[in-house]
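[1] I would like the atomic coordinates for the input below:
(chains A and B)
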Amino acid sequence: MAFQKPKNVGATARRILAYFGSSKYAFIAVCIMLIVSTGSALTASYFLKPLVNNYILPGNFKGLARALVFLAAIYLVGVIASYFQGRIMVMIGQRTANLMRRNLFEKMQDLPLRFFDTHTHGELMSRFTNDIDNVELAIEHSVISLISSVLIFVGTLVMMLILSPILFAITAAILAFMILLSTVLTRKSTVYFRAQQSDLGDLDGFVEEMVNGLRVIKVFGHEQVASSEFSGLNEKLRSSATTATFLSGVVMAIMGNLGRICYATAAIVGGILAVAGRLDTGSLVAFLQYSYQIAQPINQVTNQLSVILAALAGAERIFEVMDQEPEVDNGTVTLVNITHTEDGAIVEASEDTKTNEWAWSIPGDHAHTLVPLKGDVRFDHVTFSYDGVTPVLKDISLYAKPGQTIAFVGSTGAGKTTITNLINRFYDVQEGTITYDGIDVKTIHKKDLRRSLGMVLQDTHLFTGTVMDNIRYGRLHATDDECRLAAQRASADSFIRRLPQGYDTVITGDGGNLSQGQRQLLAIARAYVADPPVLILDEATSSIDTRTEHLIEQGMDALMEGRTVFVIAHRLSTVRDAKAIIVLEHGEIIERGNHDSLLAERGRYYQLYTGQLALE
Amino acid sequence: MIKKLWGYLGKYKRMLILSPLCVAVDVTCELSMPFLMGKIVDTGIPSLNLQYITHIGILMISLSLVAMAFGSLNHRLAAVTSQGFGANLRQALFDKVQSFSFSNIDTFSTASLVTRLTNDVTQLQNTLLMSMRMLTRAPLMLICALIFAIAINAKLAVILVIAIPVLVAGIALITRQAEQLFQTVQAKIDAVNGTVEENLIGIRVVKAFTRERHEKTKFKKSNDDLTKIAIKAGNLIVTIMPMMMLVLNTATIIVIWRGGHMVGNHQMGTGQLIGFISYMMQILTSVLMVSMILMMIARAQASADRIMEVLDTIPDIADKTPVLVPQAAYDPLVNAELPAQEPTVHRGAIEFRHVDFKYTATGKGENVLSDISLAIRPGEFIAIVGGTGSGKSTMVSLIPRLYDVTGGQVLVDAVDVRDYKLATLRSAIGVVLQNNVLFSGTIRQNLMWGNAAATQEEIEEAAKNAQAHDFIISFPDGYDTEIGQGGVNVSGGQKQRLCIARALLKKPRILIMDDSTSAVDTATEAKIRVSFRENLNDTTILIIAQRISSVQETDRIIVLDDGRIVGIGTHAELLANNPAYQAICASQMGGAVN
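    As a prediction, the model looks like this:
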């Protein structure tokens, strides 16, 4: 942990403090309480001197009783303060973690897909788990501990100075040596810790790779090789970790015992001073009591600092995500419900009437223009690249009129999925334009654009919740009956009713308890409920058992009816029925037409279709 | 549990036993400090004996040095033992995992195996380290401090008889409640993480349906749930320290009151009184420490359980004593008198005899394969088609004994696969798995998994047959190109071709390819088939494919549906009279030759 260094301690700490929000005043209260509780502890130790000198040695027990009541009061104040500071810090820590998690999650929802392409899930998950945990832990435990250690340390030194300047000078010299030594040793051991950490990283990486590839290892009979390679890495880690662990232990042993030597020296010198009559017994006793505990706060500070630094480093990684550009949306065109007036013109429906008709509302200088939603999509000389270097789509122009089905075919990597990703603006085109009912999609409010587009992806993702919840995902206000109807249309109803709890069956772990085909049927039902004018379909490549496949086919066909459909096609019936088939190769349209005309062309489509590519 | 883990200490056992001795010396030295200090204050100062004071002082310093030495020695022992134990345990786990059969692998998820090998081992290792540093120390401290306290003043020590049980009871009460709360906290954490993970995986769906706000609301709820319960648990934990202070402070006041009287009556010295208070503090802190360590060990229990679960797993496919087979079995011309030997794969004939199979690991009682009977000739090119879940992958994985049949027999060269030595059987069979992986390293290193002694010519030949040679040499470093992290990223189709080349390099008698050209474009796939036909005609080949175009020229096609063979024949035969095959062709783009 020693090397997990935050880059900008000040700025990051300030930003975390900003998260305290309304708890800021509570934190100030904690700081006051810290001073109270530390003061109480220090005073209590100092109190030993008058106790011994004024009451015990002279045998004044009435006075002792009174003094003890006073001491009890000091103790009590300290206990109460430390109890409440603990509670408040738990609250602050948890609230801060809560807010950070929420902000991070909300940020995640607002990030463009591009971000998820370049960051692994594990990376983002560890922001939510390790990094936030570290921040929370540091706030709840380390901050108080650090502040109080510093206070105790300073306070103890002051008390020592008051009790005996000579003894203080000696103690201070030894302490200075201790701190110096501790810094040097810690720096030395950091080298070994780095070695340990890097060896551990190597080993963990190897384990992950080998466990992931376990089946391949078995198939190639490589068990022995893997084991012996592991054993080499394991031995390397053992040796570096042993040194690092040992060194950190030695630092602890040296520091602890230097504290005791400090105590012993104070006892000798103090004894001599007392004999010489330059120090009273009460002072000596109190001084020794302080010096017995002086090493404690130094060790605490060292320990807590590393926790706090780790937390700051974690917080920096969290803030890094939060500082990412969110998905841009300058769209002003919105989707509105419309009704017809008596003379046939269309007007925006009032808030409380829900119609099934929609129009784009284009803001003008004075009034909004309404354009009926039809589902006419055009690509005009569209060029696109994910990384800005290699173009994935080159000068694509195509159109789909309302109700038409456009099928994309071509080999993997030809750019089929990219085209569909551009329509709903998962990514923005770099050159050319895409229009929807004649409106540039860039000017349409994203939420409204996507509401008008339905998607059924090849990998079906479901969410924890009931089957009903998952269908309703398509339209949150859909009634149970509407969801059931959608399931029937999607041919999903029969299998759902056979599930143990029917529509109330809880789906867990991305639908792990359903088969691939069943998940796909649910995705179709989900799109059905949304009832969008335009559909984007990505047909599954892997074949599913014939019965389910038939159901899916039925569901898909029903869903496609009457809508503009962009489909990445794998099924023969889909392409046959498509109004236009677009054959893509390396990001370019190489052929287009309908099934018959393309077959007649005897080109790439013909080869794909007959499966005889380059084999004659 | 401890008994089972004890064995993994190996040669470090001695150190573990030696450690408490070091701790005892360290603790004794440390604890004699307040006692000796008491002597200086009570005997040295009143008698004005400078020599006595210096002697005792030097004794204190020497004892500190002794404590430093023994303390360091114990840290050495603890470091060596805990790291050694960790290394032993990791190796044992890794070796165990390597011995797992496929069905063993199925029962553990990859992530959970990795966690066990990394985090869980580290957890146990740290527990051992902390135990060696503290577990003996705290009780010893407790006992020694108690002895010193009693030695100073037995009457005062009576207070401890009350204080210790009160403290222990308080801690027990709080921790018991906290443990329950923390279980709830963990469940809530899992729920929050589950939501995050689900959203990461399904981010496209969320965005496509513009459900960002919906997800945010959902998250806020589970997040707030977590915070509420976590604050409750946290509040419980923060009461431990104030409670301990309360007990200590009350005891201190009583000690000063009673002790003050004793000092007044000259029954004890001031120094002794102060020393007693120091010991009392030490004792109560040790009680707290012991309870903390016990809690830590309790937490480590969960890791230990997960590790033992792996170590206790018995690989369900292992070598039994190979059955000896007369040599005449391979070649009828050989003299039948020759001694029997361990079976080896010579020709590559395969036979399924009434094979039934069910995955016992997944707990589903249904047969995945039912009554499969089939004979494949050496050198035959076989394709298997059928929908997902029809049992294709399962069927081929029985040949190299990745799973064992639950009924019937699988024979290779007329010998039951269970009668081969596993290594012998698998070395003769090349398998390209569906979800295949390459390892970090160069392309050459990856290919040589197939044959560690392969020459450049052999490597190139395999790569050429898999249509991988051309793209490999197009990389600047050719066969020495690093792949994976820090190297070039190969595309899905290139990866599949490398995996095929790796299997070809084995020069197997039987080659199994499970849907392993799905990402290869049709033209290249066709070339691979051509080179297989030309160069591998004495290898028995089984391919599973989705595309009809990939299978139509094979010698025979086997159509599977729901774990049963519903058709065997050539493309033309099946297309003419097999409805299941016709249905597959009809539904596919690229399969409709009419």
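[2] from what I can see B:G408 touches B:S370, true?
    No. B:G408 is not in contact with B:S370 according to CB atoms under 8 Å; the separation is 9.8 Å. C-betas here are computed from N, CA, C, even on glycine.
[3] any residues in contact with both of these two?
    Each of B:D356 lies in contact with both B:G408 and B:S370 under the rule CB atoms under 8 Å, 6 or more residues apart in numbering or on different chains.
[4] How is chain A divided into domains?
    The record, using automatic domain parsing to delimit domains, assigns chain A the ranges A:1-163+A:299-327, A:165-278, A:334-372, A:377-610.
[5] I'd like to know how far B:A375 sits from B:L511.
    Taken as CB to CB, to the nearest Å, the spacing of B:A375 relative to B:L511 amounts to 18 Å.
[6] Can you report how many residues neighbour the closest residue to B:L246 other than its chain neighbours?
    The spatial neighbour of B:L246 that comes closest, neighbours along the chain excluded (CB to CB, 6 or more residues apart in numbering or on different chains), is A:V79 at 5.3 Å. Residue neighbour count, defined by other CB atoms under 10 Å in any protein chain shown, stands at 21 for A:V79.
[7] per-residue pLDDT, A:V79?
    The per-residue pLDDT reported for A:V79 equals 92.
[8] which element is it on?
    helix A:61-110 (DSSP states H and E).
[9] what's downstream of that helix, the next helix or strand?
    Once the chain leaves helix A:61-110, the next helix or strand it forms, by DSSP H and E, is helix A:113-118.
[10] Please identify the helix or strand for B:P343.
    Using DSSP H and E, no helix or strand contains B:P343.
[11] how close does it get to A:A169?
    Summarising the geometry, the distance separating B:P343 from A:A169, computed by CB to CB, is 88 Å.
[12] higher neighbour count, the two?
    In terms of neighbours (other CB under 10 Å), B:P343 is the more surrounded of B:P343 and A:A169; the figures are 24 against 12.
[13] May I have the predicted confidence score for the residue in the stretch 351-500 of chain B that chain A sits nearest to?
    The stretch 351-500 of chain B approaches chain A most closely through B:G387 (3.9 Å), counting by CB to the nearest CB. We have a pLDDT of 76 for B:G387.
[14] just A:S452 next, same as before
    For A:S452, the pLDDT comes out at 88.
[15] tell me which parts of the stretch 351-500 of chain A are close to chain B?
    The stretch 351-500 of chain A has residues A:409, A:411-413, A:424, A:426, A:446-447, A:450-451, A:453, A:455, A:457, A:461-464, A:473-474, A:476 near chain B, with proximity defined as CB under 8 Å from any CB of the partner chain.
[16] A:N134 is in contact with A:A311, isn't it?
    Yes. Using CB under 8 Å, A:N134 is in contact with A:A311, at 4.4 Å.
[17] how about residue 92, what does it touch?
    If you meant another chain, say so; for now it's chain A. Contacts for A:I92 (CB under 8 Å, 6+ apart) come out as A:F20, A:S23, A:A26, A:F27, A:V30, A:I139, A:E140.
[18] if you could check chain B rather than the one you did, that'd help
    For B:A92, the residues meeting the contact criterion (CB under 8 Å, 6+ apart) are B:Y8, B:L311.
[19] Tell me the helix or strand right after whichever helix or strand it is part of.
    Taking DSSP H and E as the definition, one finds B:A92 inside helix B:50-98. Counting by DSSP H and E, the element after helix B:50-98 in chain order, helix or strand, is helix B:102-107.
[20] Which strands or helices does the next helix or strand after that next one pack on?
    If you walk from helix B:102-107 toward the C-terminus, the next helix or strand you reach (DSSP H and E) is helix B:110-115. Counting contacts by 3 or more CB pairs under 8 Å, 6 or more residues apart in numbering or on different chains; DSSP states H and E, helix B:110-115 packs against helix A:165-212, helix B:270-311.
[21] Distance-wise, check B:G259 relative to chain A.
    8 Å (CB to the nearest CB, to the nearest Å).
[22] So which residues lie in contact with stretch A:242-251, not counting its own?
    Judged by CB under 8 Å, 6+ apart, the contacts made with stretch A:242-251 from elsewhere in the structure are A:182, A:185-186, A:188-189, A:192-193, A:195-196, B:72, B:74-76, B:78-80, B:82-84, B:129, B:133.
[23] ok, how many other residues are close to A:D448?
    Close neighbours of A:D448, defined as other CB under 10 Å, add up to 18.
[24] does it really touch A:N337, like I thought?
    No. Under the criterion of CB under 8 Å, A:D448 is not in contact with A:N337, lying 11.7 Å apart.
[25] Tell me where the stretch 401-550 of chain A has strands.
    Listed from the start of the chain, the stretch 401-550 of chain A has strands (DSSP state E, counting those that start in this stretch) covering A:405-409, A:431-436, A:439-440, A:453-456, A:465-466, A:506-507, A:534-538.
[26] Same list as before, the ones you listed that is, but in a markdown table and with mean neighbour count included.
    Conversion of the strands of the stretch 401-550 of chain A to a markdown table gives the following (neighbours: other CB atoms under 10 Å in any protein chain shown):
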| stretch | mean neighbour count |
| --- | --- |
| strand A:405-409 | 24 |
| strand A:431-436 | 18 |
| strand A:439-440 | 15 |
| strand A:453-456 | 26 |
| strand A:465-466 | 15 |
| strand A:506-507 | 16 |
| strand A:534-538 | 22 |
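[27] Which among the ones you listed is found nearest to B:K39?
    strand A:506-507 (72.1 Å; CB to CB).
[28] Strand partners (parallel or antiparallel) of that closest one?
    Each strand that strand A:506-507 pairs with, and the sense of that pairing, follows from DSSP bridges: strand A:465-466 (antiparallel).
[29] Quick check, the residue in the stretch 101-250 of chain A closest to chain B?
    For the stretch 101-250 of chain A, the residue closest to chain B is A:G249, as judged by CB to the nearest CB, at 2.7 Å.
[30] Skipping adjacent residues, who's closest to the residue in the stretch 401-550 of chain A that chain B sits nearest to in space?
    Scanning the stretch 401-550 of chain A for the residue nearest chain B gives A:H461, at 3.4 Å (criterion: CB to the nearest CB). Of all residues not flanking A:H461 in the chain, B:G202 sits nearest, at 3.4 Å (CB to CB, 6+ apart).
[31] try B:V490
    B:I483 (5.9 Å).
[32] Also B:K4?
    Once flanking residues are discounted, B:K4 sits nearest to B:M308: 6.2 Å by CB to CB, 6+ apart.
[33] Tell me how far that neighbour lies from A:V150.
    Distance of B:M308 to A:V150, computed by CB to CB: 45 Å.
[34] quick revisit: and the domains of chain A, which one is worst for confidence?
    Set side by side, the domains of chain A differ in mean pLDDT, and domain A:334-372 is lowest with a mean of 80.
[35] now do the same end-to-end measure for that domain.
    Domain A:334-372 has an end-to-end distance of 12 Å (criterion: CA to CA, to the nearest Å).
[36] Pull out the buried residues from that domain.
    Of the residues in domain A:334-372, those buried by neighbour count under the rule 16 or more other CB atoms under 10 Å in any protein chain shown are A:334-336, A:338, A:349, A:358-362, A:368, A:370-371.
[37] what's the neighbour count on the residue of the stretch 101-250 of chain A closest to chain B?
    Close neighbours of A:G249, defined as other CB under 10 Å, add up to 23.
[38] that's a helix at it, yeah?
    Yes. With DSSP: H, G, I helix; E, B strand; the rest coil as the criterion, A:G249 is assigned to a helix.
[39] So, low pLDDT: which residues of chain B?
    B:1, B:321-322, B:326-339, B:361-365, B:484-489, B:588-594 (pLDDT under 70).
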